[in-house]
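>>> give me the fold of what follows.
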Amino acid sequence: MDKIPLFSIITVCYNAADTIAATLDSVKSQTFCDYEYIVQDGGSDDGTVDLIKNADIECLHLVSGRDKGIYDAMNRGLGRARGEYVIFLNAGDSFHGIDALVRVAEAVERNNRPGIVYGQTMLVDINRYYVGPRHLTAPSSLKLENFSDGMVVCHQAFVVLRRITSFYNTDFRFSADYDWCIQCLQHSRNNVYIGDEPLIEYLNEGTTTRNRFRSLRERWQIMSTYFGLWMTVWKHVTFVVRAVKRKSL
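Here you go, the predicted model:
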């Protein structure tokens, strides 16, 4: 039987020829190689599949075919994963530095296989230039309650022990990743922060950003479910204050 890899890196994509090269390059350049790379493509017709096939990544597994959206594609990728930990790295996103997986692997070994390993995220543009930090900074100590403040850890910088994961709730079209992270936190016995150096470079402007109002409406529903209506109301008051302060800087 094949050795189970430490990481399953999962990329979902559709017609991502303009953005996926950076993602493929960042995976291929990692100095830590105990991983499988699963690319779940939605049936691209713009050359994306050829780029993936020509990436020359030894442990790459590609499936291309129609799906029912990004979270259905993530579920399909998750269903195929064999690694002890899963990392979702969307097309256009990348690891920060060639030693990113080394840092995560060391945290896994030092902390007796924690439920979640997480880090910081930096925003980049299509040319990979630094745009700025996320408006939310990952805390150095992570608890479930932290997510009542929103998506405090970027989904891509949220590395989860596969056996505590569940499938994404596809009833949510734009915020199922927020719901998924909360569910993972409910089942994690230990959450380990790998330090202030960014783990992930996140391509600014994604599906959620382009559909911000619908995403926020879904997040209201998710927050109300896990944290209660009154807490959700109060937190949204603080979100407004936070947004005003951010714009005034």
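>>> where's Ile87, which helix or strand?
strand 85-88 (DSSP states H and E).
>>> next one: that strand to chain centre, how far?
In terms of CA atoms, centre = their mean, to the nearest Å, the centre of strand 85-88 is set 8 Å apart from its chain centre.
>>> show me where the chain has helices.
Along the chain, counting by DSSP state H, helices occupy 20-28, 48-53, 70-80, 100-110, 176-186, 207-210, 212-227, 229-248.
>>> which one of the ones you listed lies nearest to Cys59?
Of all the helices of the chain, it is helix 20-28 that lies closest to Cys59, at 9.3 Å by CB to CB. All C-beta atoms are positioned from the backbone trio N, CA, C, and that covers glycine.
>>> which helices and strands sit right next to the closest one?
Using 3 or more CB pairs under 8 Å, 6 or more residues apart in numbering; DSSP states H and E as the contact criterion, the elements in contact with helix 20-28 are strand 7-13, helix 48-53, strand 94-95.
>>> and that helix, how far out from the chain's middle?
Between the centre of helix 20-28 and the centre of its chain there are 15 Å (CA atoms, centre = their mean).
>>> next one: stretch 65-77
Counting by CA atoms, centre = their mean, stretch 65-77 comes out at 15 Å from the chain centroid.
>>> please apply the same query to stretch 133-151.
The gap between where stretch 133-151 is centred and where its chain is centred comes out at 14 Å by CA atoms, centre = their mean.
>>> buried sites along that stretch?
In terms of neighbour count (16 or more other CB atoms under 10 Å), stretch 133-151 has its buried residues at 134, 138, 142, 144, 146-148, 150-151.
>>> pull the most distant pair out of those.
Farthest pair in those, by CB to CB: Arg134 and Leu144, 19.7 Å.
>>> number of residues surrounding Leu216?
Neighbours of Leu216 under the rule other CB atoms under 10 Å: 15.
>>> low-confidence regions, this structure specifically.
Within the chain, the stretches with pLDDT under 70 are 1, 205-210, 243-249.
>>> top strand in it by residue count?
Secondary structure of the chain per DSSP state E: the longest strand is strand 191-203.
>>> parallel or antiparallel, which strands does that one pair with?
With DSSP bridges as the test, strand 191-203 is paired with strand 94-95 (antiparallel), strand 116-124 (parallel).
>>> off-centre distance for the first one?
Just to be clear, that refers to strand 94-95. Per CA atoms, centre = their mean, the displacement of strand 94-95 from the mean C-alpha position of its chain is 11 Å.
>>> neighbouring contacts of that strand?
When contacts are taken as CB atoms under 8 Å, 6 or more residues apart in numbering, the neighbours of strand 94-95 outside the stretch itself are 22-23, 25-27, 30, 89, 101, 128, 199-201.
>>> relative orientation of the longest strand of the chain and helix 20-28 in degrees?
Taking axes from the mean of the first three to the mean of the last three CA atoms, to 10 degrees, strand 191-203 and helix 20-28 form an angle of 150 degrees between their directions.
>>> distance from the chain centre to strand 191-203, please.
Relative to its parent chain, strand 191-203 has a centroid offset of 11 Å by CA atoms, centre = their mean.
>>> turn the contacts of strand 94-95 into a markdown table, columns for neighbour count and distance to Arg110.
Below are the contacts of strand 94-95 laid out as a markdown table (neighbours: other CB atoms under 10 Å; distance: CB to CB, whole Å):
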| residue | neighbour count | distance to Arg110 |
| --- | --- | --- |
| Ala22 | 19 | 30 |
| Thr23 | 27 | 28 |
| Asp25 | 13 | 28 |
| Ser26 | 22 | 24 |
| Val27 | 23 | 23 |
| Gln30 | 20 | 19 |
| Leu89 | 24 | 23 |
| Leu101 | 24 | 15 |
| Arg128 | 12 | 31 |
| Leu199 | 27 | 16 |
| Ile200 | 28 | 20 |
| Glu201 | 26 | 24 |
